[in-house]
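I'd like to go over a predicted model; first the sequence, then the structure.
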Amino acid sequence: MVASLRFKRYHGLAVGARPYTDRLAEMTGDVVASLPKARIDHPLMHAAKSVQREVLLVLTSNRGLCGAFNDSVLRIADERMRHLRDGGYEVLLRVVGRQGMRHFRFRKIEVDRAYRDLDDLPDHQTVRGLAEGVMDEFVAGRISGLEIAYVQFLSAGRQRASIAQVLPVSEVERRPGALAEAEPEPYELHPSPGELLDRLLPATVLQRVYQCFLDSAVSEEAMRIAAMQGATESADEMIRELNIRYNRLRQSQITTELAEIIGGRAGLE
């Protein structure tokens with residue numbers, strides 16, 4: 001019941017934010033596509049060539065009893081970490097949630113940063129501080145990118161562990177369909193393209209990070225509901241089986257006692 005209440009709240013936030021997230025990325029993509037490639041030189045779109053240090057942010061839960069939620073995201077995070085290291089990258093592992101911290105501590109994998117004070121769903125201002133800190137590291141050339149391992153929410157009955165490539169913002173989306181294949185409209189931009197991208201690109205990164213947190217929170221509660229329903233059904237089945245076994249044993253005991261009484265009476269006669 002508690003998970004259902006949380007799911008309703010988080011579901012409204014996640015579904016309500018997704019059109020804004022998608023449209024912001026599409027608008028940014030339209031602006032970028034309308035500019036000559038020679039004029040696109042924003043620091044959030046290009047990683048420093050001499051740096052091979054990737055931040056992998058892993059979103060897990062603070063509590064258990066949520067089915068395969070943590071196992072699925074930790075499995076895909078382990079695979080991505082191996083792939084990056086095989087490619088010569090240094091991985092800075094940053095973890096949200098006690099379950100993820102426990103997993104990496106047990107496997108003796110070094111965690112660069114653990115966010116211990118975050119709620120199940122951090123507020124937008126908290127996520128903003130986290131995202132801006134990573135963007136500052138990226139612009140300063142200390143890291144080559146940001147990837148987020150999380151559980152993507154597709155529907156109430158379907159969730160999928162995914163890796164979101166957030167930085168660098170090398171590929172931004174345009175509107176789907178015919179517009180995606182057509183030549184971009186000749187925008188008249190004011191203020192200048194550089195000033196627009198200075199606003200749009202950080203906002204796009206922030207919203208992508210926040211959408212990952214939203215998807216992770218609603219997916220956790222959806223999988224917790226399913227896990228609790230499964231546990232309840234298993235417990236009910238166990239109770240039924242134990243009641244049948246108990247009744248059989250009691251019946252057997254009563255039959256034995258009756259047989260002893262009848263046998264004793266017959267012996268007296």
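Received it, and whenever you're ready, just let me know what you need. Remember, it's a predicted structure, so these values are computed and weren't measured experimentally.

residue 169: what secondary structure?
coil (DSSP: H, G, I helix; E, B strand; the rest coil).

need the contact list for it.
Shown in contact with residue 169 (Cβ atoms under 8 Å, 6 or more residues apart in numbering): 28, 42, 44-45, 201, 204-205. The way it works is simple: take the backbone N, C-alpha and C, and place the C-beta from them, glycine included.

and these, which is the shakiest by pLDDT?
Within these, residue 42 has the lowest pLDDT, namely 80.

mind listing what's buried in the helix or strand hosting residue 137?
Using DSSP states H and E, residue 137 sits within helix 124-139. Going by neighbour count (16 or more other Cβ atoms under 10 Å), the buried part of helix 124-139 is 126-127, 130-131, 134-135, 137-138.

give me the helices and strands touching the strand or helix carrying residue 15, please.
Per DSSP H and E, residue 15 falls inside helix 2-33. Under the contact criterion of 3 or more Cβ pairs under 8 Å, 6 or more residues apart in numbering; DSSP states H and E, helix 2-33 touches helix 193-268.

show me what the helix it packs on is packed against.
Counting contacts by 3+ Cβ pairs under 8 Å, 6+ apart, helix 193-268 is packed against helix 2-33, strand 53-59, helix 69-86, helix 124-139, strand 145-155, strand 158-167.

given the shortest one, what are its sheet partners and their directions?
Spelled out, that is strand 53-59. Strand 53-59 pairs in its sheet with strand 90-96 (parallel), strand 145-155 (parallel), by DSSP bridges.

list the contacts of the residue lying closest to residue 209 once chain neighbours are set aside.
Nearest residue to residue 209, sequence neighbours excluded (Cβ to Cβ, 6 or more residues apart in numbering): residue 131, at 4.4 Å. Going by Cβ under 8 Å, 6+ apart, residue 131 touches 205-206, 209-210.
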